[in-house]
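In: Kindly generate the corresponding structure for this input.
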Amino acid sequence: MSTDVMIYANDLSKNFGSFRAVDKINFEVRRGEVVGFLGPNGAGKSTTMRILTCFISPTGGTAKINGFDVFDDPLAVRESLGYLPQRAPLYLEMSVLEYLKFAADLRGLDDSTFKKRARSVVEVCGLAQVLGKEIRHLSHGYRQRVGLGQALIHDPPILILDEPTSDLDPNEKAEFLDYIKQIGQERTVLLSTHNLSEVEIACARAIIVSKGRVVADGPLDEIRAKSGRVRYVVSIQESAGTHPYRGKGLPPKKAEVETLLNALDGVRKVTELPTDERAHTYELATDEGVDLRPELFQMIVQKGWVLLELHRDAQTLEDVFRHLTIGDARRNRTLDAGAEDEDEESDEAEEETEADETDDDDSDAKDKD
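Out: Below is the predicted model:
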C-alpha cells in the first residue's frame, strides 16, 4: 500500500445477524483528496464510516487509516483522524471554549498546544463571536461549526464527516462547505452526504455505494459519463410558424412531434416535460457519441415550426446516482411495509405482555387481600 494512501478499505464487510450492511467494499483515498461518499439510505455509508472510525468492528476484510489497522491499532487510528457524525456530540451546558478545551483534554493536548490549536480552529470555523456562549443557545449552523472544531482540535491529517450539513439552512450549508474546501487544502477528507450539489461544490471525486457495494468510484466527470447517455431538451412553439419559402405553416401537433422525435436514429427515450400552453417541450435520451442537434434543427425547419430551445448536455450527477442506486429505492419500498408489520406485531406483543403482567399483579394483590 502506498504511503500516500490515507484511507484504505479492502473487501470490507459488516453483518448484522443475517443482514449484510457492507459487502466487500474496496476503495482508497489518497493524501490531500476531498472525496464524496454517496449512497441512498441503507446503502452502508454510515456503517462503513463507523468501521473506519473504530466505533464498530468489521465482520471481514481490512480497513486502515494513515497506515494503521482499525482492528489491530484503534488508538493510533483515532489519533490520526477527526470525526464529525451526522449529529455533533455536544454538551449543551458547556460554552464553546469549554467544549473545545474538553475535546483537547481527551486528546491529551497540553495547555500551550491547545491555545495554538484553538486559535487556528476558531479562525477556520468562524467561532470567534460565540466562544463564551453556551452551546444550547447556538443555531444548528454554529453547533455544526463547534462539532467541526472538536474534530480539528488535535490537527488530524484525516477528516471523516457523516452528513454534516443535513440540519443546516442554505446559507449555513454554503458557509460550511467553504470551511470544508479550506480544510481540504491541507487534509484528506471523506464526506458523506445526500446532497449531490454539495459533492459537486466541495469534491473532485466521488464514491457511490448501493446495497453495501461500491458501484462507482472516480472523478465526477467520469461518473457523469458512466451511464453512456446524453440528454437533449427541445422546445417547439405550439402555434404555426412561417417558412421562408412556403409561407405560413401548420401548427405542430403533439402526436406528430413525438412520432418524428422517436424516429430519429440513436434516440432511446422521449419524455414530455411540463410547460405552458405555448410550447411542446421534450427530453430526449440518446447514446453517447451521437449528436442530434443538426438533424433536429433541420427537421424542425423543414416542417416550418418555430424552435424555441435546443440544448445538449451529459447526464447530471443526480441522473447517474439514480441510475446506479435505483435498486435500493425499490428494495426500501418493498421492505418498508414488512418492517412496519413487524413493528406492529412487536408493539402488539409488548402490549400483550404488559397486559399479562398487569393481570398477574392484580391477581397477586387479590390473593394478598
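
In: wait, is residue 120 part of a helix?
Out: Yes - secondary structure of residue 120 (DSSP: H, G, I helix; E, B strand; the rest coil): part of a helix.

In: what's around residue 89, how many residues?
Out: Residues lying near residue 89 (other CB atoms under 10 Å) number 11. All C-beta atoms are positioned from the backbone trio N, CA, C, and that covers glycine.

In: mind listing what it touches?
Out: Going by CB atoms under 8 Å, 6 or more residues apart in numbering, residue 89 touches residue 147.

In: One more: the one 3 residues further on?
Out: For residue 92, the residues meeting the contact criterion (CB under 8 Å, 6+ apart) are 134-136.

In: Just among the residues you listed, which is most surrounded?
Out: In those, the most neighbours by other CB under 10 Å go to residue 135, 20 neighbours.

In: contacting residues for it?
Out: Taking CB under 8 Å, 6+ apart, we find residue 135 in contact with 90-96, 99, 143, 146.

In: related to what we said a few turns ago, from the contacts of residue 92, which is closest to residue 40?
Out: residue 135 (31.7 Å; CB to CB).

In: Convert the C-alpha atoms of stretch 267-280 to PDB, please.
Out: Only the C-alpha atoms of stretch 267-280 are listed here, as PDB (Å, rounded to 0.1, in the frame of the first residue of the first chain):
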ATOM      1  CA  VAL A 267     -33.000   8.200 -29.700                       C
ATOM      2  CA  ARG A 268     -33.600   5.800 -26.800                       C
ATOM      3  CA  LYS A 269     -36.400   7.600 -25.000                       C
ATOM      4  CA  VAL A 270     -38.600  10.700 -25.500                       C
ATOM      5  CA  THR A 271     -40.200  12.300 -22.400                       C
ATOM      6  CA  GLU A 272     -42.600  15.200 -22.500                       C
ATOM      7  CA  LEU A 273     -41.600  17.900 -20.000                       C
ATOM      8  CA  PRO A 274     -44.200  20.200 -18.200                       C
ATOM      9  CA  THR A 275     -44.500  23.600 -19.800                       C
ATOM     10  CA  ASP A 276     -47.100  26.300 -20.600                       C
ATOM     11  CA  GLU A 277     -49.600  26.100 -23.400                       C
ATOM     12  CA  ARG A 278     -47.400  27.900 -25.900                       C
ATOM     13  CA  ALA A 279     -44.800  25.200 -26.500                       C
ATOM     14  CA  HIS A 280     -44.200  21.400 -26.800                       C
END
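
In: returning to what we had before: buried only: go through the contacts of residue 135 for me.
Out: 90, 94-96, 99, 143, 146 (16 or more other CB atoms under 10 Å).

In: And the chain, what are its domain boundaries?
Out: 5-219, 229-314 (automatic domain parsing).

In: What residues of stretch 262-280 count as buried?
Out: 264, 267, 270, 279-280.

In: before we move on, back to that, between which two of the buried ones among the contacts of residue 135 is the distance greatest?
Out: Checking these with CB to CB, the most distant pair is 95 and 143, at 12.8 Å.

In: And the helices in the stretch 51-200 of the chain, which stretches?
Out: Using DSSP state H, counting those that start in this stretch, the helices of the stretch 51-200 of the chain run over residues 74-80, 96-106, 111-125, 140-152, 170-183, 196-202.

In: if we can go back for a sec, nearest to residue 230 among the buried ones among the contacts of residue 135?
Out: When these are compared against residue 230 (criterion: CB to CB), the nearest one is residue 143, at 43.0 Å.
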